[in-house]
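**Q** quick one: sequence plus predicted model below, questions after.
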Amino acid sequence: MQLKNAEGDRSILTKTVIQFFVGATVGLILPLILLSYTWQSGLGFTAVHIIVSIGFVGLCGTLSAILGHKFLDKLGELMNLLPQI
């Protein structure tokens, strides 16, 4: 009986880790777009740009791990609002 509980806990942990990395990957898109515009305009990067970008990616990953598909759906809606290039 304990083996089944261990497998269930492991699958929940695996699912949570996968959701974190999916959320972090999707959350990486927006900072990369903003940093590419900053780079193209010649303004250059500052430490604040990089720290805020890393914080946003971590926040997206954490919220995705906690809230799951609800957060990823909202993040997808946010991405749909961005103008197409």
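**A** Structure received. Owing to the predicted nature of the structure, the values given are computational and were not obtained by experimental measurement.
**Q** which residue lies nearest the spatial centre of this structure?
**A** Geometric centre of the chain, nearest residue: Ala24, 2.4 Å, by Cα atoms, centre = their mean.
**Q** list the contacts of that one.
**A** By Cβ atoms under 8 Å, 6 or more residues apart in numbering, the contact set of Ala24 is 57-58, 60-61, 64. No exception for glycine: its C-beta is placed from N, CA and C like everyone else's.
**Q** again, 10 Å this time
**A** Ala24 is in contact with 56-62, 64-65, counting by Cβ atoms under 10 Å, 6 or more residues apart in numbering.
**Q** helices and strands around the host helix or strand of Lys70, which ones?
**A** Assigned by DSSP states H and E, Lys70 belongs to helix 69-81. Using 3 or more Cβ pairs under 10 Å, 6 or more residues apart in numbering; DSSP states H and E, the elements in contact with helix 69-81 are helix 2-41, helix 47-67.
**Q** between helix 47-67 and that helix, find me the angle.
**A** 140 degrees (axes from the mean of the first three to the mean of the last three Cα atoms, to 10 degrees).
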